[in-house]
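Student: Based on what follows, work out the 3D shape:
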Amino acid sequence: MKSKRTPLGELRPSQLLYTFGIGAIVDLPHLSVIVTGLEDWPLASCKPIREDRLLEQVRRRLGLQVQGLYTPPTREEHTGGWMPAFDDHSLVGAPVAPFPRWLRCPFCSLLAPIKSGLFQLRTSPGRPDLAKYVHASCRKGTQPAALPARFLLACEAGHVDDFPWHWFVHKGKTGCFGMLELREYGVSGEAADVEVACGECGAKRRMVDAFGREAKRNLPDCRGRRPQLRDFEAEPCRADRQTILLGASNAWFGVTLSTLYVPEAKEGQLARLVEEHWTVLADVDDQNILRFLRKQGKLAAFAACEDEALWKAIVHHRDVSAHSAADAEDIKGPEWRVFSKPDVKINGPDFELREVAVPEKWRNWFSRVVLAERLREVTALTGFTRIASPRDYAEGEDVPSKMRASISRSAPTFVPAAEVRGEGIFLQFNEENLATWCDRHSEHEEAFRDAHKAWRRRRQIERPEAGFPGLRYIAIHTFAHALMRELALECGYNAASLRERIYAKDDDGNGEPMAGVLIYTAAPDSEGTLGGLVRMGRPEYLDRHIGRALEGLTLCSSDPLCADHTPEKDGATLHGACCHACLFAPETSCERGNRYLDRTVLVETVRRAEIGLFEK
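Tutor: Got it, this is the predicted structure:
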């Protein structure tokens with residue numbers, strides 16, 4: 001992590017996946033821009049990330065033409081001395097374009113597009129923070145900075161467009177394209193106090209007509225615009241359009257896939273070294289290349305190894321990795337196998353496990369505790385949605401193609417990715433006790449199943465019965481939230497830095513059942529590897545934290561309202577007895593958007609008893 005202040009416009013690689021990815025709108029001091037598609041990315045400035053298991057999952061969703069995972073464009077660290085402000089090195093970064101294209105003068109209320117020529121771009125050499133559009137001919141001010149119009153049009157198909165100002169103020173198609181003004185009355189900023197007016201014909205209309213149930217009749221059909229790709233969808237868009245505000249939280253949701261790096265069991269020191277240095281060796285397709293790499297000083301770890309033996313080890317590793325990636329049945333299966341059966345032989349710089357004793361008090365419920373002292377997580381961006389969050393869908397189920405917006409005009413040959421390192425605690429539940437408990441409370445599972453179907457029907461999601469995680473998942477998920485909140489009080493990380501990774505699968509005859517949770521932290525800097533979380537996994541500490549976490553669930557400050565809540569049959573909510581005061585976690589921490597939670601499945605509450613997994 002840099003000690004100096006982050007320069008203006010500089011983002012972490014992970015932010016270009018979760019917050020400001022392709023298609024997202026970024027606010028700069030005087031400009032509003034949109035991150036453009038992969039065709040505009042300088043691939044020469046993107047570094048490859050090797051994670052075969054994740055690449056295989058990306059190919060299954062986007063096609064076999066995807067060749068690799070790459071970091072966003074990054075500049076090399078400047079070691080010191082004078083550096084020109086406008087050389088090629090200083091201009092490396094994620095490409096953007098101004099959006100929205102309509103601007104407003106805050107002095108005279110003029111509303112016009114950039115292409116009208118009424119606004120001029122002003123830049124200052126060496127000061128990108130001063131770049132802005134100005135209204136040079138403003139009659140009420142001296143070249144004031146123009147602001148982006150704060151109303152946009154978007155739809156659930158991932159399209160976003162400038163607000164149709166002329167169409168809206170004239171209530172349909174018109175031949176009048178006079179100068180427009182966007183006037184604000186009062187200081188509230190509400191849509192009812194904002195009016196757009198045409199200076200040519202005198203037409204006026206309040207922006208409140210663009211919101212609410214009647215908005216559909218007051219807005220034109222979606223044009224299928226994709227400003228991040230600078231084009232329009234070939235097929236007509238039939239999705240419902242709606243007005244959103246610039247900077248709205250539902251304007252962009254990244255569709256991502258993530259995996260934890262899992263090393264293969266290697267016999268021999270050479271095989272382990274090849275695994276650890278695979279980023280350097282992955283593109284070696286001829287034995288002669290090894291001589292070049294040695295001269296470049298990139299094979300120092302293999303100084304005692306002959307080129308012929310190293311070449312054979314590279315070929316063998318490539319064959320094994322390709323076979324493992326092709327046979328990957330799911331994204332969490334390999335992770336579950338190494339956590340449930342930890343082997344110190346596979347420990348390395350990016351993956352290190354250490355099994356510790358289960359606290360004596362909790363051995364009826366947990367069969368294994370594993371401390372993950374080193375973890376490496378790789379995440380890839382495969383698309384994005386607008387209006388509807390991808391977390392409305394079940395884990396492992398793709399967002400429908402009609403809703404997932406593309407990150408390139410053609411089939412992508414690479415996707416943006418980021419890798420972070422961290423630590424965590426893995427707890428494996430006692431399979432026999434958990435399975436017996438689930439069978440005994442099948443009626444509670446059916447209540448959640450009905451709510452799950454209603455939730456998906458209400459949002460017009462295909463196959464409403466699909467993707468239900470089951471009571472096993474609900475119990476493990478609820479426990480994970482309770483323990484995360486407790487650990488955040490003492491481990492040294494804030495609550496938003498902790499994440500969960502749930503492993504829940506019934507014994508359906510296709511592979512072994514899974515019942516466990518990994519609570520981990522991962523960050524692109526030292527925040528993810530300080531050791532505070534692993535320390536809390538020691539038996540003497542974990543015993544206390546589990547007890548306090550469960551005790552805190554018995555009574556909520558919002559009881560009895562919280563305890564009375566049950567999964568809604570009308571599809572309004574997908575959780576039972578839980579709220580912000582007792583179980584809800586930050587959005588970055590929960591893998592299911594604070595759904596499928598219910599503290600009554602773990603402990604006795606003021607309204608319900610004799611159900612909880614931990615009641616005895």
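Student: now the strands for the stretch 101-250 of the chain?
Tutor: Along the stretch 101-250 of the chain, the stretches classed as strands by DSSP state E, counting those that start in this stretch are 102-104, 110-113, 120-124, 127-134, 147-148, 151-155, 160-162, 180-184, 194-198, 204-206, 225-226, 231-232, 241-245.
Student: Save these as JSON lines, and put in mean neighbour count, mean pLDDT and distance to residue 371 too.
Tutor: In short, each C-beta sits where N, CA and C put it, glycine included. Below are the strands of the stretch 101-250 of the chain laid out as JSON lines (neighbours: other Cβ atoms under 10 Å; pLDDT from 0 to 100; distance: least, Cβ to Cβ, whole Å):
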{"stretch": "strand 102-104", "mean neighbour count": "23", "mean pLDDT": "96", "distance to residue 371": "55"}
{"stretch": "strand 110-113", "mean neighbour count": "21", "mean pLDDT": "94", "distance to residue 371": "58"}
{"stretch": "strand 120-124", "mean neighbour count": "12", "mean pLDDT": "89", "distance to residue 371": "52"}
{"stretch": "strand 127-134", "mean neighbour count": "16", "mean pLDDT": "84", "distance to residue 371": "45"}
{"stretch": "strand 147-148", "mean neighbour count": "22", "mean pLDDT": "94", "distance to residue 371": "49"}
{"stretch": "strand 151-155", "mean neighbour count": "23", "mean pLDDT": "95", "distance to residue 371": "45"}
{"stretch": "strand 160-162", "mean neighbour count": "21", "mean pLDDT": "96", "distance to residue 371": "45"}
{"stretch": "strand 180-184", "mean neighbour count": "19", "mean pLDDT": "93", "distance to residue 371": "57"}
{"stretch": "strand 194-198", "mean neighbour count": "20", "mean pLDDT": "94", "distance to residue 371": "56"}
{"stretch": "strand 204-206", "mean neighbour count": "15", "mean pLDDT": "94", "distance to residue 371": "60"}
{"stretch": "strand 225-226", "mean neighbour count": "20", "mean pLDDT": "95", "distance to residue 371": "46"}
{"stretch": "strand 231-232", "mean neighbour count": "14", "mean pLDDT": "94", "distance to residue 371": "50"}
{"stretch": "strand 241-245", "mean neighbour count": "20", "mean pLDDT": "93", "distance to residue 371": "45"}
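Student: who wins for proximity to residue 172 among those?
Tutor: For residue 172, the closest of the strands of the stretch 101-250 of the chain is strand 204-206, at 11.5 Å, according to Cβ to Cβ.
Student: And the contacts of the closest one?
Tutor: 168-169, 171, 191-192, 194-198 (Cβ atoms under 8 Å, 6 or more residues apart in numbering).
Student: And the residues you listed, which is closest to residue 556?
Tutor: Nearest to residue 556, judged by Cβ to Cβ, of the contacts of strand 204-206 is residue 191 at 36.5 Å.
Student: didn't that closest one look like it was pressed against residue 215?
Tutor: No - using Cβ atoms under 8 Å, residue 191 makes no contact with residue 215, being 10.3 Å away.
Student: related to what we said a few turns ago, got a markdown table for the strands of the stretch 101-250 of the chain, with distance to residue 385 too?
Tutor: A markdown table is the format used below for the strands of the stretch 101-250 of the chain (distance: least, Cβ to Cβ, whole Å):
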| stretch | distance to residue 385 |
| --- | --- |
| strand 102-104 | 24 |
| strand 110-113 | 27 |
| strand 120-124 | 32 |
| strand 127-134 | 30 |
| strand 147-148 | 22 |
| strand 151-155 | 10 |
| strand 160-162 | 11 |
| strand 180-184 | 29 |
| strand 194-198 | 28 |
| strand 204-206 | 30 |
| strand 225-226 | 13 |
| strand 231-232 | 19 |
| strand 241-245 | 13 |
